[in-house]
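> Sequence and predicted structure, then a few things I'm wondering about:
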Amino acid sequence: MRVLVLVKYVPEITSDRVMDSGRLVRDPAVGLMNELDEHAVEAALQLVEALPDEDARESSQIIALTVAPSTGDMAIKKAYQMGAERGIRVTDDAFAGLDYHGTAAVLAAAVRRLGSDDEGPIDVVLCGLTALDGLGSVIPAMLAEELGWPQLTHSRAVALGADGRSLNTTRETEESVEELTAPLPAVVSVTDAANEPRMPNFKRIMAARTKAVEEWSAADVEPFLEDFAPRVSVVDAAVHPPRVAGDVVVDRGEGGTVLANYLIEKGLV
């Protein structure tokens, strides 16, 4: 089984965000692997570990993939620490500032290229529910559409089917709990309820420091790449204004009148 996990390096969620020329500035000093991607890596590891045949487990491969500048290596390295065997970063000036559509197209091209090599097709693409820098939650669905594969999204449990060629997932919505099945290959997104990501051991942490990350350019994926032109552009971006302290009214018997006058002044009544 070949499992591909999408990972992303994102700014620390509590850090200040800075935009430059419509793009988010990614400072390696204040970032980390997208936390929800850790659940996707863990799901990949558990899928392989659950294979009933030892030879199948030994021949399986977990690949971490990112479309990013060089800072993306930090996400790949975290995936190495957890147990991924191979990491690929797709980087090119032509891909700078991609929107969701462009990112999905480039990811699909990378999946197609991997599936064309001598090691066999990609069986599963696993993703976190969303990236915490954009909170779009659309890449899994858009990637599935690009590939023409079934999608199993918002999964809180993932397991290989008894036939070995399908996936069973559980998805919880506000109205129901759904049990879904799809044939492989498929794209799956997992929530933070899917598992508890394992802590890397010291041996893997040390090995990840020197383990290489493959770098692919536009030329490497171009034969498999369809339209990736951005459909969205950032026109302007500004720092959110600081919050202004509200007015404090001490009620000395006139609180109701003050409140009513305030609501009238603001056109709220």
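Ah, there it is.
> ok, what's across the strand from Val188?
Taking DSSP bridges as the rule, Val188 bridges to Leu126, Leu152.
> Now do the same contact list for it.
Contacts for Val188 (Cβ atoms under 8 Å, 6 or more residues apart in numbering) come out as 43, 124-127, 140, 151-153, 155, 158, 167, 169. Yep, even glycine has a C-beta here, placed from its N, CA and C like the rest.
> how far away is it from Ala194?
Computed as Cβ to Cβ, to the nearest Å, the Val188 to Ala194 distance reads 9 Å.
> The contacts of Val188 into JSON lines, with extra columns for neighbour count?
Listed next are the contacts of Val188 as JSON lines, based on neighbours: other Cβ atoms under 10 Å:
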{"residue": "Ala43", "neighbour count": "26"}
{"residue": "Val124", "neighbour count": "24"}
{"residue": "Val125", "neighbour count": "28"}
{"residue": "Leu126", "neighbour count": "28"}
{"residue": "Cys127", "neighbour count": "31"}
{"residue": "Pro140", "neighbour count": "26"}
{"residue": "Gln151", "neighbour count": "19"}
{"residue": "Leu152", "neighbour count": "25"}
{"residue": "Thr153", "neighbour count": "19"}
{"residue": "Ser155", "neighbour count": "28"}
{"residue": "Val158", "neighbour count": "24"}
{"residue": "Leu167", "neighbour count": "22"}
{"residue": "Thr169", "neighbour count": "23"}
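> ok so, going back, which residues do Val188 and Ala194 both contact?
Jointly contacting Val188 and Ala194 under the rule Cβ under 8 Å, 6+ apart are 43, 155, 158.
> Mind checking which of those residues are in strands?
Among these, DSSP state E puts 155, 158 in strands.
> from what I can see Arg112 touches Glu222, true?
No. Applying Cβ atoms under 8 Å as the test, Arg112 and Glu222 come out as separate, 11.2 Å apart.
> export the shared contacts of Val188 and Ala194 to TSV and tack on distance to Leu32 and pLDDT?
Shown next, in TSV, are the shared contacts of Val188 and Ala194 (distance: Cβ to Cβ, whole Å; pLDDT from 0 to 100):
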residue	distance to Leu32	pLDDT
Ala43	19	97
Ser155	23	96
Val158	24	96
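> Test my guess that Leu98 contacts Ala68.
No. If you go by Cβ under 8 Å, Leu98 and Ala68 don't touch, sitting 10.1 Å apart.
> Comparing those two, which residue is more hemmed in?
Each of Leu98 and Ala68 has its neighbours counted (other Cβ atoms under 10 Å); Ala68 has more, 21 against 18.
> what pLDDT does the more buried one get?
Looking at Ala68, its pLDDT stands at 92.
> roughly how far apart are it and Asp20?
Counting by Cβ to Cβ - Ala68 and Asp20 are separated by 16 Å.
> cool, Ala219 as well?
From Ala219 over to Asp20 the distance is 27 Å, taken as Cβ to Cβ.
> now swap in Pro11 and tell me
Distance of Pro11 to Asp20, given as Cβ to Cβ: 13 Å.
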